[in-house]
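Engineer: can you look at this prediction? I've put the sequence above it.
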Amino acid sequence: MKQASIIKPLQRLFFLAAFLYCLCTPAALLAQADSTAVTDTAVTEAETTEADLIAPSIELITVQKGDNSIDLKAALKAKVKGTFYKLPLLKITFIQVTDTAEKVLGFLITDNQGKAVFHVKPEALTADNEGKVHFKAVFAGNKAMEATEEEVTIKRARLEITPVKEDSLYTVNVKLVDIVNGTETPVKETVIGVFVARLFNPLKVGEGTTDESGEAAIEFPAHLPGDAKGNLTLLAKLDENETYGNLETAVVQQWGVPVSDKIQDQPRALWSSHPPLWMLITFIVLMVAVWGHYIVIIYELFRLRKEQPHAPAEIKN
């Protein structure tokens with residue numbers, strides 16, 4: 001009887017443990033395969049890939065020169081996480097768009113600043129009946145970046161510059177004409193700036209507004225430093241015009257003060273790389289005095305460290 005009473009509780013515990021094990025163990029369920037699962041995964045991966053692509057942008061600027069040629073200036077950049085980055089070593093294709101077709105002018109690789117300047121000769125330009133030309137800059141994209149393009153339309157014009165010297169006065173005469181089918185028409189009431197080419201950015205020396213004949217006279221300052229022969233590069237510029245874009249023309253004139261470009265040893269002075277001897281000697285004496293104190297202190301510290309401490313004397317009663 002005692003043995004039977006012991007077996008029954010053990011059986012109950014065994015069945016309870018087996019029941020709990022069945023509840024806790026996951027079972028594989030068989031179901032019909034979803035035929036759209038692969039398609040949904042492919043779509044998700046495609047959306048993720050498109051979202052990861054960088055979206056660059058092109059800035060296209062036209063500059064009409066005095067010889068009727070045009071410079072196409074393109075700048076390629078992209079905004080990533082709120083910061084703009086310049087994109088170097090990428091191919092930009094320049095295209096001229098007409099009413100009937102698109103003519104590929106050529107391509108360039110962007111420099112370290114993400115810029116490219118394409119020069120279009122006058123014989124390669126084709127204007128419409130209104131004297132307008134339409135250009136396009138295209139970046140085809142790659143595995144990391146999307147494709148992008150930029151278009152600009154300008155009207156043909158030419159800016160002329162003529163230096164005039166009367167006695168000791170220098171004057172720069174500028175003229176702006178509109179060109180339609182070979183016919184030149186003066187452009188009035190337009191502000192033209194006169195600059196002098198410098199190492200980094202042109203130096204503005206004056207500006208004038210064209211009259212009925214499209215001309216303006218700007219007084220030029222004297223005694224500006226030039227090269228070794230006194231030559232100055234004079235620039236006449238029209239910037240960011242809504243109709244003509246940017247126009248620029250240049251001429252070299254011997255109106256500057258000659259500045260030698262030879263490397264010569266300059267005398268000792270406070271503002272040069274060779275200071276006066278008295279200043280150099282004073283500096284050396286002060287440095288020797290200051291560092292001499294440091295050397296003496298370090299020497300004394302090492303000397304004290306090497307000395308053995310005295311043994312305490314024995315106390316006799």
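Structural biologist: Looks like it came in fine.
Engineer: the bottom helix or strand of this protein by mean pLDDT?
Structural biologist: Among the helical and strand segments of the chain, the one scoring lowest on mean pLDDT, DSSP states H and E is helix 37-52, with a mean of 45.
Engineer: domain map for this structure?
Structural biologist: 56-155, 157-253 (automatic domain parsing).
Engineer: how many residues are close by residue 225?
Structural biologist: The tally of other residues near residue 225 (other C-beta atoms under 10 Å) stands at 12. In short, each C-beta sits where N, CA and C put it, glycine included.
Engineer: one step back: same list, the domains of the chain, but as TSV with distance to residue 269 and mean pLDDT please.
Structural biologist: Output for the domains of the chain, formatted as TSV (distance: least, C-beta to C-beta, whole Å; pLDDT from 0 to 100):
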stretch	distance to residue 269	mean pLDDT
domain 56-155	37	93
domain 157-253	20	92
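Engineer: so which of these is nearest residue 305?
Structural biologist: domain 56-155 (55.3 Å; C-beta to C-beta).
Engineer: how long is that closest one end to end?
Structural biologist: Domain 56-155 stretches 28 Å from its first residue to its last (C-alpha to C-alpha, to the nearest Å).
Engineer: ok, stretch 233-247 next?
Structural biologist: Span of stretch 233-247 from end to end, C-alpha to C-alpha: 16 Å.
Engineer: okay, buried residues for stretch 96-114 please.
Structural biologist: 96, 105, 108, 110, 114 (16 or more other C-beta atoms under 10 Å).
Engineer: next: stretch 219-228.
Structural biologist: Across stretch 219-228, burial judged by 16+ other C-beta under 10 Å covers 220, 226.
Engineer: how far does that stretch sit from its chain's centre?
Structural biologist: Stretch 219-228 has its C-alpha centroid displaced from the chain centroid by 32 Å (C-alpha atoms, centre = their mean, to the nearest Å).
Engineer: can you name the element that comes right after the least confident helix or strand of the chain?
Structural biologist: Where DSSP states H and E defines the elements, the next helix or strand beyond helix 37-52 is strand 56-64.
Engineer: quickly list what the residue nearest to residue 114 when sequence neighbours are not counted is bridged to.
Structural biologist: Nearest non-adjacent residue to residue 114, counting by C-beta to C-beta, 6 or more residues apart in numbering: residue 86, 3.4 Å away. In this entry, residue 86 is beta-bridged to residue 77, by DSSP bridges.
Engineer: repeat for residue 203
Structural biologist: Beta-bridge pairing for residue 203 (DSSP bridges): residue 196.
Engineer: now do the same contact list for it.
Structural biologist: Under the criterion of C-beta atoms under 8 Å, 6 or more residues apart in numbering, the neighbours of residue 203 are 195-197.
Engineer: quick check, nearest of these to residue 225?
Structural biologist: The nearest member of the contacts of residue 203 to residue 225, counting by C-beta to C-beta, is residue 196 at 9.7 Å.
Engineer: what count of nearby residues applies to residue 118?
Structural biologist: Counted by other C-beta under 10 Å, the residues lying close to residue 118 total 18.
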